[in-house]
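Chemist: okay, here's the prediction I keep looking at, along with the sequence it came from:
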Amino acid sequence: MMQGWRSRPEAPASGLPSLTAQDVRLLTQAGFLASGQGDVGRARRIFNGLALARPGRAFHAVGLALAFLNAARTAEAVDVLAQAQAADDGERETLDTWRGLALQLDGRADESRRLLRAVADAPLPAGTPESESRQLARRLLGDAPASSAAAAADTPPAAFSSLQGLHRAASFR
């Protein structure tokens with residue numbers, strides 16, 4: 001173990017420094033702050049580093065895509081999300097949902113609807129609750145259940161709510 005103001009694991013054999021869950025959480029927050037400002041340069045540096053530390057996760061691609069969206073560079077946001085590697089079906093669902101939103105904002109409504117419909121209609125194993133990504137896809141398609149329509153007036157916009165869920169779900173492992 002390295003000594004210092006706190007203990008931290010040695011760098012793995014890959015040569016990349018090992019990040020604690022708290023390190024990833026703080027870097028993710030900084031990245032989303034840059035994204036919110038449309039600061040693509042800073043967001044790219046932060047999220048590309050996180051992609052090396054946590055490959056296959058959706059949160060770093062979504063964060064960089066949001067930077068492009070906030071910089072009014074929608075086609076680049078679509079590309080980032082399309083090229084991102086997903087570790088599993090849940091991460092792919094998240095990437096596809098956000099890509100559907102980016103396609104919508106890029107004026108590619110038909111592509112957006114097809115992708116969001118595929119996410120919303122993909123079979124779920126019995127007893128599995130809908131993910132926040134699937135719920136966002138349904139809301140973007142206008143398929144939100146009637147029971148939640150009344151509550152929607154009192155909640156943040158769908159994408160913001162799901163972004164908060166994505167940040168929580170990143171689990172920083």
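Modeler: Now that the structure is in, tell me what you want to look at. All of these numbers come straight from a predicted model, not from anything done at the bench.
Chemist: wait, isn't residue 117 in contact with residue 141?
Modeler: Yes. In this structure, residue 117 is within contact of residue 141 by C-beta atoms under 8 Å, at 6.5 Å. Yep, even glycine has a C-beta here, placed from its N, CA and C like the rest.
Chemist: which SS class is residue 72?
Modeler: coil (DSSP: H, G, I helix; E, B strand; the rest coil).
Chemist: and it, its phi and psi?
Modeler: For residue 72, the backbone dihedrals (degrees, to the nearest 10) come out as phi 60, psi 40.
Chemist: got the confidence number for it?
Modeler: pLDDT recorded at residue 72 is 97.
Chemist: wait, what's in contact with it?
Modeler: The contact partners of residue 72, by C-beta atoms under 8 Å, 6 or more residues apart in numbering, come to residue 38.
Chemist: how does it look with 10 Å?
Modeler: Residues in contact with residue 72 (C-beta atoms under 10 Å, 6 or more residues apart in numbering) are 38, 105.
Chemist: next, count neighbours for residue 132.
Modeler: Counted by other C-beta atoms under 10 Å, the residues lying close to residue 132 total 20.
Chemist: hmm, I was thinking of residue 45
Modeler: 15.
Chemist: what residue ranges in this structure score low on pLDDT?
Modeler: Where the chain drops to pLDDT under 70, the residues are 1-17, 145-173.
Chemist: in the chain, which spans are helices?
Modeler: Using DSSP state H, the helices of the chain run over residues 21-36, 40-53, 59-70, 74-83, 89-105, 109-121, 132-141, 146-152, 158-169.
Chemist: winner for burial among these?
Modeler: When the helices of the chain are scored by mean count of other C-beta atoms under 10 Å, the highest mean neighbour count falls to helix 59-70 (a mean of 26).
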